[in-house]
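[1] sequence first, then the predicted structure:
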Amino acid sequence: MLHPSVRLLAWGEAVMFSQLLPLIWLGLASAIVIALAAGFARARLGLLLRRARWLIVSLLLLFALATPGVYLLPALGGLSPTVEGFRLGAEHVLRLLVMLAALALLLESTGVEGLLSGLHGLMGPLAFLGIDRSRIAVRLMLVLHYIEQAPPGRRWRQWLEEGQTVRGPERLGILRQRLTAADLAVLGGLTFAVAVYAALRS
């Protein structure tokens, strides 16, 4: 199993490159990632999709109604969605779905303690600036814990209004792992991919 920091970097690069894919390849990539998430992280994927459902609907409607182009329903005139707008909306929704499905796989395979370890490792350079990276990592993980454990429909304002005390996990441990040869190979591949992309874009 790869080091949590490497998995976080791989997830970040996968999300970044998914933003650059043309629609055909994006559709194929989204189908593969969503199928994997549905098979290995169904509960997490369902939770993320439920929490993002209004964002998905908003994206689709915003682009479909606000983008100039050929009307899908000419009888509605300016109120009609457009073909170009619907295409743009679908493209952005697919990019969001890829990100959410990949995140579900990351959370399922890594867990809270693994993510904490990964974040702690990635924030290593902050130690040279005198910043306590352990405190930052723990706070981020507590936020993630509260979001995951919140009952459906529960909002943070309700916690404040009801005067409820939200209890987090009693203990969060930072797993310290060494980078293996496989980790270094993956890091080299990720670095090479970014370098190639930067060269092609320049």
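    All right, it came through fine.

[2] next structured bit after the helix or strand of the chain at the bottom of the mean pLDDT ranking?
    Counting by mean pLDDT, DSSP states H and E, the chain has its least confident helix or strand at helix 156-162, which shows a mean of 55. Next along the chain after helix 156-162, taking DSSP states H and E as the criterion, comes helix 181-201.

[3] for that next one, enumerate the helices and strands it packs against.
    Contacting helix 181-201 under the criterion 3 or more C-beta pairs under 8 Å, 6 or more residues apart in numbering; DSSP states H and E are the following elements: helix 4-18. Where you see a C-beta, it was placed from the backbone N, CA and C, and this is true even at glycine.

[4] pull out the buried positions in the helix or strand encompassing Glu91.
    For Glu91, the host element (DSSP H and E) is helix 83-122. For helix 83-122, burial by neighbour count (16 or more other C-beta atoms under 10 Å) applies to 85-86, 88-107, 110, 112-122.

[5] repeat that for stretch 7-15.
    7-11, 13-15.

[6] contacts for it?
    In this structure, residues lying in contact with stretch 7-15 by C-beta atoms under 8 Å, 6 or more residues apart in numbering are 2, 98-99, 102-103, 106, 109-110, 114-115, 118-119, 122, 186-187, 190, 193-194.
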